[in-house]
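Peer 1: Give me coordinates for this.
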Amino acid sequence: MLFRQLEYLVALARERHFARAAEHCGVSQPSLSEAIRKLEDELAVPLIRRGRRFDGLTPEGDRVVAWAGQILADRDALLTEVEAMRTGLTGRLRIGTVPSAAVTAPRLIEALGVVHPLLTADVASDLTSVTIVDRLRDFSLDAALTYLDAEMRAEFRVRTLYRERYILLVGADRAASLGPSATWAEAAALPLCLLTPTMRGRRMMDACFAESGTAPVAEVETDSFATVLAHVASGRTAGVVPLAWLHALGVPAGVRAVPLTAPSTPVEIGLVVRARDPLPPAVDALLSAADRTDFQDLEGGPRTLATGSGTRGHHRL
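Peer 2: Numbering: from 1, shown residues only. Predicted coordinates for the structure are as follows:
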């Protein structure tokens, strides 16, 4: 059995198309097909349902793909550790984030780079929490910044980073009726731009609205907090965003940031990796970077937020 055969099988399972899998692996389609056929002969089980096109994996193929992903990940971790013994940690970490946490990834990667400057990162932002779990399981992500719950803690190794806090962004013309903070019921009465209901961040917000006895009717829905900020800046709608986004990007010009009264159950954001022993050295280094990084300002407190370009003054939250 060769690593190459396992790589071909994993690529085929991901692409679900012989030609695309071969292109991804940099080989001809006949070479990929023959290598997988030899793997089937060696294991004495069919791995692929064959027809004129790729018709999926057999039950045996599904199990072999799961093992192949783990074997290939362990191989990469071994090579990384050996290389680190010679030159220090190198390589590229694959990190996924939910939209709420996308702007906190640079803070974590900066802390990692201080100790391991040769490590680089690929960041896939705006992933759903379900997609993140799937990609951690199939080894296509090394780590993720996402919501923490009991199921996540049971399956993965986690580091709690901060408790998410929501902020209402509202234009100056609508802000006059609001005090230094706002209730979720007051926010629901405004024309809003919110995340789409399929996203977990929106479901978290809807739970806060429901706790206040209201249900918002969003005029605009999107899968991106950057889009929320853009719509609020245009003056048409108000919006609800995590405090972390404002620390990273500032408050748009002509917009007021109003803290929303906290829900009864805080929402935790954390760093999540597969529960493996030993951990790949780069992943272990990322966890150490998380331990060294301060995220407390993302929960509020006496920190000044700069306003967006073209405004005067600052917001204190």
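
Peer 1: And E15, how far from R49?
Peer 2: 15 Å (C-beta to C-beta, to the nearest Å). Backbone N, C-alpha and C define where each C-beta goes, glycine included.

Peer 1: more crowded one of the two?
Peer 2: Counted by other C-beta atoms under 10 Å, E15 and R49 do not tie: E15 has more neighbours, with 16 against 11.

Peer 1: May I have the residues that are in contact with the residue nearest to V65 when sequence neighbours are not counted?
Peer 2: Spatial nearest neighbour of V65, excluding adjacent residues (C-beta to C-beta, 6 or more residues apart in numbering): A13 at 4.6 Å. Neighbour list for A13: L57, G61, V65 [criterion: C-beta atoms under 8 Å, 6 or more residues apart in numbering].

Peer 1: three-state assignment of A13?
Peer 2: What DSSP: H, G, I helix; E, B strand; the rest coil gives for A13 is helix.

Peer 1: Next, format the contacts of A13 as CSV and append pLDDT.
Peer 2: Shown next, in CSV, are these (pLDDT from 0 to 100):
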residue, pLDDT
L57, 92
G61, 92
V65, 93
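
Peer 1: Would you format the residues you listed as JSON lines with neighbour count included?
Peer 2: Listed next are these as JSON lines, based on neighbours: other C-beta atoms under 10 Å:
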{"residue": "L57", "neighbour count": "19"}
{"residue": "G61", "neighbour count": "23"}
{"residue": "V65", "neighbour count": "19"}
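
Peer 1: Same list (those) but as TSV, adding distance to V98.
Peer 2: Converted to TSV, the contacts of A13 look like this (distance: C-beta to C-beta, whole Å):
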residue	distance to V98
L57	29
G61	31
V65	26
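
Peer 1: now, which of these sits nearest L43?
Peer 2: G61 (9.8 Å; C-beta to C-beta).

Peer 1: which residue sits closest to that closest one, ignoring its sequence neighbours?
Peer 2: Take G61 and drop its neighbours on the chain: the residue closest to it by C-beta to C-beta, 6+ apart is L47, 3.7 Å away.

Peer 1: Give me the nearest residue to D122, chain neighbours excluded.
Peer 2: Excluding the flanking residues, the one nearest D122 by C-beta to C-beta, 6+ apart is R94, at 4.9 Å.

Peer 1: which SS class is the one you found?
Peer 2: strand.

Peer 1: what's the answer for L194, then?
Peer 2: Secondary structure, three-state DSSP: L194 is strand.

Peer 1: Run through the bridge partners of the closest residue in space to it that isn't next to it in sequence.
Peer 2: Nearest non-adjacent residue to L194, counting by C-beta to C-beta, 6+ apart: A218, 4.3 Å away. In this entry, A218 is beta-bridged to L192, by DSSP bridges.
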